[in-house]
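Trainee: predicted structure and sequence below. I'll ask about it afterward.
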Amino acid sequence: MATSPQATVHSPVPPPLTSIPRSERSLAPDIARGAMLLFIAIANVAIYLHGHSLDDYNHIADAAAFDRVALFIEQLLIAERSRPMFAILYGFGMAVMASRMFGRGMDAKGVRKILRRRSWWLIAFGFVHATFLFYGDILAPYGATGLIALFFVHLSDRSLRRWLWGSSIYVVVVSLPVFAFFYTAAPEPVEFGLPPYVEQLLFGPIASIAGTLTLVLLALFIPLVIVGIMIQRGGWIDHPRDHLPQLKKTFASGMVVNVLSSLPFALIGLGAWHPSNGMHMGAAILTVLGGMYAGLGYICGFALLAHRLSDYGRKGLPGALAAVGERSLTCYLCQSFIMAPLLAVWGLGLGDGMGYLAAYGVAAGTWALTVVLAVSMSRAGVRGPFEVLLRRLTYGRDRTT
């Protein structure tokens with residue numbers, strides 16, 4: 001493994017930066033991104049539910065038995081897993097971009113400049129998304145994390161490992177207790193007496209700014225982004241055939257950690273355990289901490305799946321997932337375009353009185369629609385419109401052809 005991604009010779013005028021040809025794209029990262037968006041849809045949909053009284057654990061108080069079982073499964077396998085997956089793949093993507101730019105002769109300053117511009121545009125995308133559609137947006141926090149991660153893209157592997165350990169200790173000692181405290185709080189709903197969409201327009205920007213600043217200060221995603229950079233350099237998901245023992249070991253251990261760490265929190269959702277506030281917060285810390293490793297385990301599992309299905313190429317199920325992964329930004333935003341007007345109180349309001357099982361069905365159906373959209377675009381040779389826009393804003397018109 002190389003100790004630094006930087007090229008040894010730097011051209012003062014690097015050649016134009018082109019998008020990676022589809023024939024040269026690795027299948028595993030795209031499959032992982034495509035499947036991750038299903039996790040994100042299911043994890044996010046509960047935000048749209050309203051018209052229920054909540055219990056002490058911020059769950060629907062009068063949920064039916066089948067809704068409790070659905071919540072149990074979601075808490076056991078999905079809750080706090082999509083964000084770690086996103087963070088790792090975000091770091092992986094940054095490392096891919098940096099590696100290509102270094103390979104074309106660009107120096108570290110130039111690479112950081114482009115990645116910084118991309119991060120700021122992601123923050124802008126996220127702010128607009130939170131303002132007009134979904135206050136639980138994740139683009140702005142990851143864009144802000146990307147501004148911090150600029151520091152890591154040119155470091156040696158040894159330095160990256162040091163930062164991984166240091167940032168992990170900070171997260172465990174400082175960040176997770178603070179995060180869990182707010183995560184387990186069940187705030188009383190505030191009525192402003194304004195039209196619902198006006199409240200969205202007022203609350204969305206506040207939530208975006210507050211959430212982004214909080215996650216930056218807690219540095220919750222920094223260790224995961226570093227892991228993403230490291231596995232890109234190691235070739236784990238770019239070339240899964242060369243790393244099968246490591247992938248299998250990480251996937252298996254990740255799934256064990258996945259279930260064991262989330263089981264206490266899932267039992268609360270099921271209604272089988274009614275812990276004190278302190279134990280509730282401890283369960284939240286455990287599920288978030290375990291979710292970080294479980295997220296890596298899931299990604300390794302998708303890399304193994306890509307290896308197993310490599311003979312199919314970008315056809316059938318792997319091709320459908322990869323089509324979504326190639327257009328992950330567009331498909332992520334499409335989830336809000338569909339679910340927010342359908343479920344939110346300011347839209348059709350179908351989330352009023354909806355239970356967990358029905359909500360997860362809507363989320364899965366929404367994801368399936370994005371799969372159909374992505375496959376149709378892939379067959380037509382059309383890139384995701386938001387990917388095209390972000391690339392144009394990042395590189396400029398003269399550097400994308």
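Mentor: The structure has been received and is ready for your questions.
Trainee: tell me which stretches of the stretch 201-350 of the chain form helices.
Mentor: Listed in chain order, the helices of the stretch 201-350 of the chain (DSSP state H, counting those that start in this stretch) span 222-234, 244-270, 277-308, 316-326, 328-343.
Trainee: nope, the stretch 51-200 of the chain is what I meant
Mentor: Using DSSP H, counting those that start in this stretch, helices in the stretch 51-200 of the chain cover 65-77, 82-103, 108-132, 139-149, 157-170, 176-184, 196-218.
Trainee: if I pick Q246, what's in contact with it?
Mentor: W236, C300 (CB atoms under 8 Å, 6 or more residues apart in numbering). For the C-beta atoms, the positions are set from N, CA and C on the backbone; glycine is no exception.
Trainee: among the helices of the stretch 201-350 of the chain, which is nearest F39?
Mentor: helix 277-308 (7.9 Å; CB to CB).
Trainee: can you say which of the helices of the stretch 201-350 of the chain is packed in most?
Mentor: Ranked by mean neighbour count, those are led by helix 222-234 with a mean of 24 (mean count of other CB atoms under 10 Å).
Trainee: so which elements touch that helix?
Mentor: Contacts defined by 3 or more CB pairs under 8 Å, 6 or more residues apart in numbering; DSSP states H and E place helix 222-234 against helix 82-103, helix 139-149, helix 157-170, helix 277-308.
Trainee: now render the helices of the stretch 51-200 of the chain as TSV, adding mean neighbour count.
Mentor: Formatted as TSV, those follow (neighbours: other CB atoms under 10 Å):
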stretch	mean neighbour count
helix 65-77	19
helix 82-103	23
helix 108-132	19
helix 139-149	22
helix 157-170	15
helix 176-184	17
helix 196-218	16
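Trainee: of all these, which lies closest to H239?
Mentor: H239 lies closest to helix 82-103 among those, at 12.9 Å (CB to CB).
Trainee: picking that back up, ok, which of the helices and strands packed on helix 222-234 comes nearest D30?
Mentor: For D30, the closest of the helices and strands packed on helix 222-234 is helix 277-308, at 8.3 Å, according to CB to CB.
Trainee: distance from the chain centre to that closest one, please.
Mentor: From the chain centre to the centre of helix 277-308 is a distance of 13 Å (CA atoms, centre = their mean, to the nearest Å).
Trainee: same deal with stretch 331-338?
Mentor: 14 Å.
Trainee: can you list phi and psi of G353 for me?
Mentor: The phi and psi torsions at G353 (degrees, to the nearest 10) take the values phi 80, psi 0.
Trainee: contacting residues for it?
Mentor: Residues near G353 by CB under 8 Å, 6+ apart: G51, H52.
Trainee: cool, P240 as well?
Mentor: P240 neighbours (CB under 8 Å, 6+ apart): A28, L247, A303, L304, A306, H307.
Trainee: ok, now how distant is it from Q200?
Mentor: Relative to Q200, P240 is positioned 42 Å away (criterion: CB to CB, to the nearest Å).
Trainee: ok so, going back, out of the helices of the stretch 201-350 of the chain, which is closest to A64?
Mentor: The minimum distance between A64 and the helices of the stretch 201-350 of the chain falls on helix 244-270, with 12.4 Å, by CB to CB.
Trainee: quick one: mean pLDDT for the closest one?
Mentor: Average pLDDT, helix 244-270: 97.
Trainee: picking that back up, now tabulate the helices of the stretch 201-350 of the chain in JSON lines and tack on distance to L393.
Mentor: Shown next, in JSON lines, are the helices of the stretch 201-350 of the chain (distance: least, CB to CB, whole Å):
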{"stretch": "helix 222-234", "distance to L393": "21"}
{"stretch": "helix 244-270", "distance to L393": "35"}
{"stretch": "helix 277-308", "distance to L393": "28"}
{"stretch": "helix 316-326", "distance to L393": "19"}
{"stretch": "helix 328-343", "distance to L393": "12"}
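Trainee: which stretch among the helices of the stretch 51-200 of the chain comes nearest A32?
Mentor: Closest to A32 of these is helix 82-103 (CB to CB; 6.2 Å).
Trainee: with respect to M377, which of the helices of the stretch 201-350 of the chain lies nearest?
Mentor: From these, taking CB to CB, the stretch that ends up closest is helix 316-326, at 7.1 Å.
Trainee: who touches the closest one?
Mentor: Contacts for helix 316-326 (CB under 8 Å, 6+ apart): 22, 25, 27, 29-35, 37, 305-306, 309, 312-314, 331, 370-371, 374-375, 377-378, 383-384, 387.
Trainee: what about 6 Å?
Mentor: Outside of helix 316-326, the residues within contact range by CB atoms under 6 Å, 6 or more residues apart in numbering are 27, 30-31, 33-35, 309, 312, 314, 331, 371, 374-375, 378.
Trainee: just the buried residues from those, in ChimeraX please.
Mentor: The ChimeraX selection below is limited to those of these classed as buried (16 or more other CB atoms under 10 Å):
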select :27,30,31,33,34,35,309,314,331,371,374,375,378
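Trainee: and of the contacts of helix 316-326, the nearest to E74?
Mentor: A35 (15.5 Å).
Trainee: please identify which helix or strand holds that closest one.
Mentor: Take DSSP states H and E as the rule and A35 turns out to sit in helix 27-44.
Trainee: and the contacts of that helix?
Mentor: Against helix 27-44 from outside (CB under 6 Å, 6+ apart): 78, 82, 85, 89, 136, 237, 240, 299, 302-303, 306, 318, 321-322, 324-326, 328, 331, 335, 360, 363, 366-367.
Trainee: next: stretch 342-350.
Mentor: With CB under 6 Å, 6+ apart, stretch 342-350 has contacts from Y48, H50, P196, Y197, Q200, P341, G351.
Trainee: got it, and stretch 259-271?
Mentor: Contacts for stretch 259-271 (CB under 6 Å, 6+ apart): Y57, H59, R68, L71, F72, Q75, L76, W273, A283, L286, T287, G290.
Trainee: pipe these into CSV and attach distance to S261 and pLDDT per row.
Mentor: Shown next, in CSV, are the contacts of stretch 259-271 (distance: CB to CB, whole Å; pLDDT from 0 to 100):
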residue, distance to S261, pLDDT
Y57, 17, 92
H59, 19, 94
R68, 20, 97
L71, 17, 97
F72, 15, 98
Q75, 11, 96
L76, 10, 96
W273, 15, 96
A283, 9, 95
L286, 5, 95
T287, 6, 95
G290, 2, 96
